[in-house]
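Asker: All I have is the shape, not the residue letters:
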Ligand SMILES: NC(=O)c1ccc[n+]([C@@H]2O[C@H](COP(=O)([O-])OP(=O)(O)OC[C@H]3O[C@@H](n4cnc5c(N)ncnc54)[C@H](OP(=O)(O)O)[C@@H]3O)[C@@H](O)[C@H]2O)c1
């Protein structure tokens, strides 16, 4: 199960080390560097941060996914002894190095093949990259089982559920309740949302995250992706996974049992807590995260999500229900649409339109292999990009 042995150094790789989750992971490792040996750090384009991390942590290998940046990274790490590589294949090779713990924190379906490569080694995979399970859930869960890997959820909601879920007596679990902050437009009308800018959409009220997940939180597609993620991680049918809007982001999610008990995990909204849980598991490690002080937190409130104002939740549930390649299409179309919104090519409300119309335009064939997933993903990206260029409807 990849447990950390007392006294033994944990050999770790961080995929997506320059991002929000990746940097927090590197930050936690840097607090107690003597406990870890770093195999690899990877990024897409951010040579400056990757080189700084590599100089500090001295991994065996630093990889930049963008091939044209190889020379820049090589020069930045000259004389350090850190091996340098570039390109998407090199990211997959980094995931195959002999780490016993890999953080999968690349954003989007681009993280699928590196994450699968790590899982194939039968090690512990700390799993932030939810898009992997959304686009290839059954394939990924089969691979994890067949290779004896351990998936530790990093998403705060799924980490919360993991911490209170009775895996020995799963038949006693009645329902999962995912909490959602509701994002920056929680109480906005559709008219108000029609004109929001990328800067407004990425300004999340409680969590400090990368741009893509921040926009997903604003549309609530993030919660839709999380329903799909929870379905695969915990083997729960979609109608036993509920969502409650909880603006304070203190209760990170809950599990309801057949006797009426509801177990929850609470904390301040700080990703270092769920990352540390995955890094220390099965033990716990100390973090600098602010402690929860319920006396000063004030009221904790819970509301029903509004499906009229946030249709992305419905789209994700429908994709999960309809099965086949629908979730793969949903994820790919959403990635294209969010990117187009961030580049000011489409408006905020166009994101859900691009996703819905891409879902309607393509067949939902069941992917059987990773190649099938990649083919469906590419077709959905092409269709969604057409809609971005030519407008939907
Ligand atoms: N941020 C959070 O608090 C949070 C919470 C829960 C779950 N998650 C999930 O964790 C994942 C990462 O989120 P994030 O917010 O940390 O994202 P982020 O800040 O955008 O970071 C993404 C990381 O992936 C790298 N990357 C991007 N595209 C790549 C590609 N095509 N090939 C290789 N590497 C690539 C980036 O490199 P560059 O820096 O060079 O671009 C960066 O290191 C997402 O799946 C997200 O849903 C995040």
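Answerer: All right, it came through fine. All figures in this text were calculated on a predicted structure; none of them were measured in a lab.
Asker: Am I right that residue 25 sits in a strand?
Answerer: No. Secondary structure of residue 25 (DSSP: H, G, I helix; E, B strand; the rest coil): helix, not part of a strand.
Asker: To what extent is it buried, counted in neighbours?
Answerer: The local packing of residue 25 (other Cβ atoms under 10 Å) involves 28 other residues. Just so you know, the C-beta spots here come from the backbone N, C-alpha and C atoms, and that holds for glycine as well.
Asker: again with residue 27
Answerer: Here the neighbour count serves as a burial measure; for residue 27 (other Cβ under 10 Å) it reads 14.
Asker: give the contact list for it.
Answerer: For residue 27, the residues meeting the contact criterion (Cβ atoms under 8 Å, 6 or more residues apart in numbering) are residue 272.
Asker: Okay, it and residue 78: tell me how far apart.
Answerer: 25 Å (Cβ to Cβ, to the nearest Å).
Asker: and what of residue 248?
Answerer: 48 Å.
Asker: who has more neighbours, these two?
Answerer: For residue 248 versus residue 78, the count of surrounding residues by other Cβ under 10 Å is larger for residue 248: 17 against 10.
Asker: And for the more buried one, nearest residue in space, chain neighbours not counted?
Answerer: Nearest in space to residue 248, with sequence neighbours left out and distances taken as Cβ to Cβ, 6 or more residues apart in numbering, is residue 300 at 5.6 Å.
Asker: What of residue 345?
Answerer: Using Cβ to Cβ, 6+ apart and skipping the chain neighbours, the partner closest in space to residue 345 is residue 388 (5.6 Å).
Asker: and the one you found, what helix or strand is that in?
Answerer: In the assignment (DSSP states H and E), residue 388 maps to helix 370-390.
Asker: Count the residues that sit near the closest residue to residue 379 other than its chain neighbours.
Answerer: Leaving aside its chain neighbours, residue 379 sits nearest to residue 362 (6.2 Å; criterion: Cβ to Cβ, 6+ apart). Counted with other Cβ under 10 Å, the neighbours of residue 362 add up to 20.
Asker: for residue 258, same thing?
Answerer: Other residues near residue 258 number 11, with proximity taken as other Cβ under 10 Å.
Asker: Which residues are in contact with it?
Answerer: By Cβ under 8 Å, 6+ apart, the residues touching residue 258 are 172-174.
Asker: of those residues, list those near the ligand.
Answerer: With Cβ under 6 Å from any ligand atom as the criterion, the contacts of residue 258 include none near the ligand.
Asker: Now, of these, which are buried?
Answerer: Among the contacts of residue 258, those buried by neighbour count (16 or more other Cβ atoms under 10 Å) are residue 173.
Asker: Among the contacts of residue 258, which are located in strands?
Answerer: The members of the contacts of residue 258 that map onto strands under DSSP state E are 173-174.
Asker: Am I right that residue 47 is in contact with residue 70?
Answerer: No. With contacts defined as Cβ atoms under 8 Å, residue 47 does not count as touching residue 70, sitting 9.6 Å away.
Asker: Which one of these two is surrounded by more residues?
Answerer: residue 47 (21 against 17).
Asker: pLDDT-wise, which helix or strand of this protein ranks last?
Answerer: Least confident element among the helices and strands of the chain, by mean pLDDT, DSSP states H and E: helix 294-297 (a mean of 94).
Asker: Show me what that one is in contact with.
Answerer: 248, 250.
Asker: And it, how far out from the chain middle?
Answerer: When distances are taken as Cα atoms, centre = their mean, to the nearest Å, helix 294-297 is centred 29 Å away from the chain's centroid.
Asker: What residues sit buried inside it?
Answerer: Taking 16+ other Cβ under 10 Å as the neighbour-count basis, helix 294-297 is seen to contain no buried residue.
Asker: 4 is where my numbering starts, stick with that
Answerer: In the new count, where the first residue is 4, that last one comes out as helix 297-300.
Asker: Which helix or strand lies directly C-terminal to that helix?
Answerer: On the C-terminal side of helix 297-300, the closest following helix or strand by DSSP H and E is helix 315-325.
Asker: distance between that next one and the chain's centre?
Answerer: Between the mean C-alpha position of helix 315-325 and that of its chain there is a distance of 18 Å (Cα atoms, centre = their mean).
Asker: Show the average pLDDT along it.
Answerer: If you average the pLDDT over helix 315-325, you get 97.
Asker: where does the chain have low pLDDT?
Answerer: Using pLDDT under 70 as the threshold, the predicted model of the chain has low-confidence ranges 4-10, 395-396.
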